[in-house]
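S.K.: give the three-dimensional model of this entry:
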Amino acid sequence: MFFLQLMSGSLLLPLVMSSGFVHSLWLLFNYISGPTQFPEFSMVLMLDDIQVGYYDSDTDQLINVGGGGEKGAELDLGQFALNVMKNNMMDMGTRLDIVRKQLNLTTTGVYVQQRMYICGVRKDGQPDFIMVRDGANGHDADSIHCNTTHFLYGGGDGWDFKLDTMKQIYLQMRFSNIHLPFCARILRRLLESNKHLVMRRVRPRLRLLSQPRGGGAQITCLATDFYPRHINLTLLRDGEPVDEEEMTVGSVLPNGNGLYQLKKTLMVDEEELQRKHKYTCAASHRSLDNRLDVSWRAESFRSYRVLVISAPVVLMVAAILLLVLMMKMRKRSGSEVNLLGNTGESRSQH
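M.R.: Coordinates of the predicted model:
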């Protein structure tokens, strides 16, 4: 849960400070202190939004989990990459001890230290930025952002990790000359072996759904099964974009098949339906040469209300017809019995 907060909150920082990056490498570290069934240290490796590797201290192996190559096999990124992971493990354990002392926490509980590395490269493949954020027990601790020209350090939530001037100069040199080039090199290597995944373009499926809601309607603009995740989805009313404040706008969510979905929903009342507006769901995406759109119009308020009440009416009419049919069948059956009875009586008299 903490990583989700970090990821959603921190994605804007590199975008604002370094707008030219194209691909990114994510290293998500977990260090757990205390008795649990989980490994003491683990790391998830992601290329853009695709998980490609996993490491934990129990197996002491970096495993390929979804990228190029054999799934479940060892992901060989070199000894230096393994050293980086182990150094992070030791450093995070030390940091967690500092946090426990600052907060006067006991040594018998379960505590979690988390760290997120992100680095990006530009279109020409050159290093663009690297960012590190730390947190303990679900709270931000501090962060570092470094690119080819700037170095920024910031604290979070009142954590007291003191860095004097010399320490910051040392970190700037280390991140600029070691971490950033190394991360960019690994990123380019993974891009080469996973280009069939990260370079793919999958066209969105676009639908405009209208559902009765009382006397009005719920109109949903839905795009599904697209990749990459960046999409521009717009709901138009008579050719003009509907204000975002009028709608319920969702987030881009994974579809469960490696693709994504996004929807925007607008509630329309009876008065709005009477105006017979034309609604259009439009999408712009990297996989499309031109804008994709689909439209819907309520022909009339009266006809739309028929849709609202049609289901109950159909059920009622069906029940009445079934009752009438059963009565006719019963009456006909009774007539046949009487006819047979009369015939038998005539024969006996004869």
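
S.K.: name the residues of the helix or strand containing residue 262 that are buried.
M.R.: Here residue 262 sits within strand 260-268, counting by DSSP states H and E. Residues 260-266, 268 are the ones in strand 260-268 that count as buried (16 or more other C-beta atoms under 10 Å). C-betas here are computed from N, CA, C, even on glycine.

S.K.: any idea how far the following helix or strand past it is from the chain center?
M.R.: Remark: after strand 260-268, the chain's next helix or strand is helix 270-274, criterion DSSP H and E. Relative to its chain's centre, helix 270-274 lies at 34 Å (C-alpha atoms, centre = their mean, to the nearest Å).

S.K.: in helix 270-274, what's buried?
M.R.: For helix 270-274, the neighbour count (16+ other C-beta under 10 Å) marks 272-273 as buried.

S.K.: which SS state does residue 192 fall under?
M.R.: At residue 192 the chain is in helix, as set by DSSP: H, G, I helix; E, B strand; the rest coil.

S.K.: doesn't residue 224 make contact with residue 255?
M.R.: Yes: the criterion here is C-beta atoms under 8 Å, and residue 255 meets it with residue 224 at 6.3 Å.

S.K.: are there residues contacting both of these two? Which ones?
M.R.: Common neighbours of residue 255 and residue 224, using C-beta atoms under 8 Å, 6 or more residues apart in numbering, are residue 261.

S.K.: so between the two, which is more surrounded?
M.R.: Between residue 255 and residue 224, counted using other C-beta atoms under 10 Å, the more crowded position is residue 224 (16 against 12).

S.K.: outline the domain layout of this protein.
M.R.: 2-198, 205-302 (automatic domain parsing).

S.K.: save these as TSV, and put in distance to residue 325 and mean pLDDT too.
M.R.: Shown next, in TSV, are the domains of the chain (distance: least, C-beta to C-beta, whole Å; pLDDT from 0 to 100):
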stretch	distance to residue 325	mean pLDDT
domain 2-198	59	80
domain 205-302	30	88
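
S.K.: could you dump those domains to TSV with distance to residue 328?
M.R.: Below are the domains of the chain laid out as TSV (distance: least, C-beta to C-beta, whole Å):
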stretch	distance to residue 328
domain 2-198	65
domain 205-302	35
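
S.K.: residue 321: which of these is closest?
M.R.: domain 205-302 (24.5 Å; C-beta to C-beta).

S.K.: pLDDT on stretch 318-335, on average?
M.R.: For stretch 318-335, the mean per-residue pLDDT is 72.

S.K.: what sits closest to the residue nearest the centre of the chain if chain neighbours are left out?
M.R.: Most central in the chain under C-alpha atoms, centre = their mean is residue 253, positioned 2.6 Å from the mean C-alpha point. Take residue 253 and drop its neighbours on the chain: the residue closest to it by C-beta to C-beta, 6 or more residues apart in numbering is residue 261, 5.5 Å away.

S.K.: that neighbour contacts residue 255, doesn't it?
M.R.: Yes: between residue 261 and residue 255 there is a contact under C-beta under 8 Å: 5.2 Å.

S.K.: common neighbours of these two, please.
M.R.: By C-beta under 8 Å, 6+ apart, the residues touching both residue 261 and residue 255 are 224-225.

S.K.: re earlier: in its sheet, what does the strand holding residue 262 sit against?
M.R.: Its sheet considered, strand 260-268 pairs with strand 216-226 (antiparallel), strand 247-249 (antiparallel), strand 253-254 (antiparallel) by DSSP bridges.

S.K.: from the rest of the structure, what touches it?
M.R.: 213, 216-227, 229, 231, 233, 235, 242, 246-255, 279.

S.K.: just the CA trace of stretch 279-297, in CSV.
M.R.: Provided in CSV are the C-alpha atoms of stretch 279-297 (Å, rounded to 0.1, in the frame of the first residue of the first chain):
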residue,chain,number,x,y,z
TYR,A,279,-22.7,12.4,-26.7
THR,A,280,-19.4,11.3,-28.1
CYS,A,281,-16.7,9.2,-26.5
ALA,A,282,-13.3,10.1,-28.1
ALA,A,283,-9.9,8.6,-27.6
SER,A,284,-6.4,9.6,-28.7
HIS,A,285,-3.6,7.0,-28.2
ARG,A,286,-0.2,6.1,-29.6
SER,A,287,-1.6,3.1,-31.4
LEU,A,288,-4.0,5.3,-33.4
ASP,A,289,-3.3,7.3,-36.5
ASN,A,290,-6.5,9.3,-36.0
ARG,A,291,-8.9,9.9,-33.1
LEU,A,292,-11.2,7.1,-32.3
ASP,A,293,-14.8,8.0,-31.4
VAL,A,294,-18.3,6.5,-30.9
SER,A,295,-21.5,8.5,-30.4
TRP,A,296,-25.0,8.1,-28.8
ARG,A,297,-28.1,10.3,-28.9
